[in-house]
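S.K.: Output the structure for:
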Amino acid sequence: QLQACGGGLVQAGDSLRLSCAASGRTASDYNVGWFRQAPGKEREFVGAVSWTSINTRYADSVKGRFTISRDNAKNTIYLRMNDLRPEDTAVYYCATSATWTTVPNSYRYWGQGTQVTVSS
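M.R.: Just a heads-up that it's a prediction; the model follows:
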């Protein structure tokens, strides 16, 4: 199981760090992606980290502001979000995939999400 946490209500320009903790089945052998879904919108790719931690990739909308890292010893993946904007408001999810992809349907295991709300 995956559990995302760390969301909250912040002001524009603030920072948050989301955590994705894996239990039961280890996430260390999988690529981990972060996605978000705003009301009325489709789920969109935010970023991903490879299982080796060597590779990361980000959506253009968050590049330079968000950073993904992982601590396989703790079975936890992090999403550091800086300079948050109102358009970042969404429920954020973490998920695992055996492939290196941005496509949500290619991610098999999903956490239940954490709400991030950014006020202007």
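S.K.: which residues touch W100?
M.R.: Residues counted as contacts of W100 (CB atoms under 8 Å, 6 or more residues apart in numbering) are 31, 48, 50, 55. Any C-beta I mention is one placed from the backbone N, CA and C, and that applies to glycine too.
S.K.: can you give me the strands in the protein?
M.R.: 2-5, 8-11, 16-22, 31-37, 44-49, 56-58, 66-71, 76-81, 90-97, 109-110, 114-119 (DSSP state E).
S.K.: For the fifth one, name the packing helices and strands.
M.R.: Read that as strand 44-49. Strand 44-49 is packed against strand 31-37, strand 56-58, strand 66-71, strand 76-81, with contacts defined by 3 or more CB pairs under 8 Å, 6 or more residues apart in numbering; DSSP states H and E.
S.K.: Neighbours of S53, how many?
M.R.: 15 (other CB atoms under 10 Å).
S.K.: Can you tell me the closest non-neighbouring residue to it?
M.R.: R70 (5.5 Å; CB to CB, 6 or more residues apart in numbering).
S.K.: picking up where we left off before, as CSV, the helices and strands packed on strand 44-49 with distance to T89 would be great.
M.R.: Shown next, in CSV, are the helices and strands packed on strand 44-49 (distance: least, CB to CB, whole Å):
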stretch, distance to T89
strand 31-37, 9
strand 56-58, 18
strand 66-71, 14
strand 76-81, 11
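S.K.: returning to what we had before: list buried residues within the contacts of W100.
M.R.: By the neighbour-count criterion of 16 or more other CB atoms under 10 Å, the contacts of W100 include these buried positions: 31, 48.
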